[in-house]
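Undergrad: Show me the folded form of this:
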Amino acid sequence: MDRWRNHSLAIISSALLAGCGDNPTEQRWQSYHQQLANDLAVTDIKRTDPGNIGEFPERPDRVIAIPETRDSLLNVYALRECQITSLVAARNNQLGRVAPPSQQWLYERALWQRLSTCLNSEVPDQLSDEDRTRLEQLTVTKTGQLPAVSWNAIFDSSEWVKSFSRASQPFANVDETAIKQQLDAIDYLQQMTDHQFDHNWVQDSSTLENHLKTLQERPLTAEVLRALLLATQRLTEASALLARHSDTTRCLTHWESQPLERLANTARQWLTAINRLIDAQQVDKPKAVQRYQARWLSLTNSQAPWRQFQQALLEHQALRAQFSPCSHN
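TA: Sure thing, here's the model as predicted:
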């Protein structure tokens, strides 16, 4: 049994490696490496697997625990002038209890809006001392919990988690329309975060769900990170070849680097948007998320994919500048 299991794993691994070679990004790097090898009259560059990105934190390590707020129906009914009874009833029915994190976010924000509006109206003057105190305490509780609800709505959503899926290919082609749709989705989450305590900002369920659906269509974060890892690895390998032949009089054919420039532009835009959204959350970020953000998403950490890619690109460009361009360029 073990022999067959190992044989099956070997077949799967081979298939995965073959699949990487079929990726358009990898094919472009292979072509570029062959171009350099031809220019320098050497065999093709030996390439190694750049590896995958790290695993996104597991649910218990990325979600913030929020104590459940419990109260009797009579107490809720006592605050009926705050117009929260139907809202609470919908939340507590069978569908409300299994609602996705995004809908829980909308519910908690709507509840906070009604409570805080009610507290600052004439309603408290009409309540008993006990009910007025209950309204004040409930408003304080929901105000304090809303940022954590916002965080969980994003970090507990399958759409968000899928964006970091390790079962992805390196980013290949820049589809401006698709990228804009993804950035628009992040921007809407940013707006909801920034305006969660803004009474004048109107949330919209269908808009939120459509943007989340857009995020679910492709694991763009993982694609971008894997493309940066691949580019860094291939640039490093190409630079090593150039460094070994820096004393040659041979020339270099023109390098079509536009795809790399498009990758750099897209990666910078996307990582900027992702980091801005994470940093806008008004919570103490879980340690696991902080570590992941610093290791994989950071634009400033020298060990993160973005800075590693930038360094490898600068080094490669400097090495290429030591060679003369071929006359047929």
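Undergrad: switch to C-alpha atoms for all contacts and neighbour counts from now on
TA: Will do.
Undergrad: the helices in the stretch 151-300 of the chain, which residues?
TA: With DSSP state H, counting those that start in this stretch, the ranges of helices along the stretch 151-300 of the chain come out as 158-162, 176-194, 205-216, 220-244, 258-280, 287-292.
Undergrad: who are the neighbours of the longest one, in terms of helices and strands?
TA: By that I understand helix 220-244. Where contact means 3 or more C-alpha pairs under 8 Å, 6 or more residues apart in numbering; DSSP states H and E, helix 220-244 is packed against helix 24-39, helix 258-280, helix 305-320.
Undergrad: got JSON lines for these, with distance to Glu130, mean pLDDT and mean neighbour count too?
TA: As requested, the helices and strands packed on helix 220-244 are arranged in JSON lines below (distance: least, C-alpha to C-alpha, whole Å; pLDDT from 0 to 100; neighbours: other C-alpha atoms under 10 Å):
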{"stretch": "helix 24-39", "distance to Glu130": "66", "mean pLDDT": "93", "mean neighbour count": "17"}
{"stretch": "helix 258-280", "distance to Glu130": "37", "mean pLDDT": "95", "mean neighbour count": "16"}
{"stretch": "helix 305-320", "distance to Glu130": "56", "mean pLDDT": "97", "mean neighbour count": "18"}
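Undergrad: Give me the below-cutoff pLDDT ranges for the chain.
TA: 1-22, 71-74, 93-97, 174, 329 (pLDDT under 70).
Undergrad: Give me the domain ranges for it.
TA: The record's domain parsing of the chain by automatic domain parsing lists 31-57+171-329, 64-155.
Undergrad: Could you export the ones you listed as CSV, including distance to Phe164?
TA: Listed next are the domains of the chain as CSV, based on distance: least, C-alpha to C-alpha, whole Å:
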stretch, distance to Phe164
domain 31-57+171-329, 5
domain 64-155, 11
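Undergrad: Figure out which of those domains is closest to Asn23.
TA: domain 31-57+171-329 (7.3 Å; C-alpha to C-alpha).
Undergrad: check contacts around the residue most central in space within the chain.
TA: Among the residues of the chain, the one closest to the centroid is Thr221, at 4.9 Å (C-alpha atoms, centre = their mean). Applying C-alpha atoms under 8 Å, 6 or more residues apart in numbering, we find Thr221 in contact with Ser163, Phe164, Trp270, Leu271.
Undergrad: now Thr139
TA: Thr139 touches Trp112, Leu115, Ser116, Leu119, counting by C-alpha under 8 Å, 6+ apart.
Undergrad: 6 Å instead, please
TA: By C-alpha atoms under 6 Å, 6 or more residues apart in numbering, the contact list for Thr139 reads Leu115.
Undergrad: Please, which helix or strand holds it?
TA: helix 129-155 (DSSP states H and E).
Undergrad: Could you confirm Val88 falls within a strand?
TA: No - in this structure, Val88 is helix, not part of a strand, as judged by DSSP: H, G, I helix; E, B strand; the rest coil.
Undergrad: Skip the chain neighbours and tell me the closest residue to Leu36.
TA: Leu252 (7.1 Å; C-alpha to C-alpha, 6 or more residues apart in numbering).
Undergrad: Can you name the residues bridging to the one you found?
TA: Pro325 (DSSP bridges).
Undergrad: before we move on, back to that, buried deepest among the helices of the stretch 151-300 of the chain, which one?
TA: Neighbour counts (mean count of other C-alpha atoms under 10 Å) averaged over each of the helices of the stretch 151-300 of the chain peak at helix 220-244, with a mean of 22.
Undergrad: coming back round to it: any chance of the helices and strands packed on helix 220-244 in CSV, with distance to Arg234 too?
TA: Listed next are the helices and strands packed on helix 220-244 as CSV, based on distance: least, C-alpha to C-alpha, whole Å:
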stretch, distance to Arg234
helix 24-39, 7
helix 258-280, 12
helix 305-320, 9
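Undergrad: and Gln293, which of those helices is closest to it?
TA: helix 258-280 (7.7 Å).
Undergrad: between that closest one and helix 305-320, how many degrees?
TA: Taking axes from the mean of the first three to the mean of the last three C-alpha atoms, to 10 degrees, one finds helix 258-280 and helix 305-320 inclined to each other by 150 degrees.
Undergrad: Now do helix 258-280: distance to the chain's middle.
TA: 10 Å (C-alpha atoms, centre = their mean, to the nearest Å).
Undergrad: by contact count, what packs against it?
TA: Contact partners of helix 258-280 among helices and strands, from 3 or more C-alpha pairs under 6 Å, 6 or more residues apart in numbering; DSSP states H and E: none.
Undergrad: Convert stretch 304-317 to PDB, retaining C-alpha atoms only.
TA: Only the C-alpha atoms of stretch 304-317 are listed here, as PDB (Å, rounded to 0.1, in the frame of the first residue of the first chain):
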ATOM      1  CA  ALA A 304       9.200  40.200   1.600                       C
ATOM      2  CA  PRO A 305       8.600  39.300  -2.000                       C
ATOM      3  CA  TRP A 306       8.200  42.900  -3.300                       C
ATOM      4  CA  ARG A 307      11.500  44.200  -2.000                       C
ATOM      5  CA  GLN A 308      13.300  41.000  -2.900                       C
ATOM      6  CA  PHE A 309      12.000  41.400  -6.500                       C
ATOM      7  CA  GLN A 310      13.000  45.000  -6.600                       C
ATOM      8  CA  GLN A 311      16.500  44.200  -5.500                       C
ATOM      9  CA  ALA A 312      16.900  41.300  -7.900                       C
ATOM     10  CA  LEU A 313      15.700  43.500 -10.800                       C
ATOM     11  CA  LEU A 314      18.100  46.400 -10.000                       C
ATOM     12  CA  GLU A 315      21.000  43.900  -9.800                       C
ATOM     13  CA  HIS A 316      20.100  42.400 -13.100                       C
ATOM     14  CA  GLN A 317      19.700  45.700 -14.800                       C
END
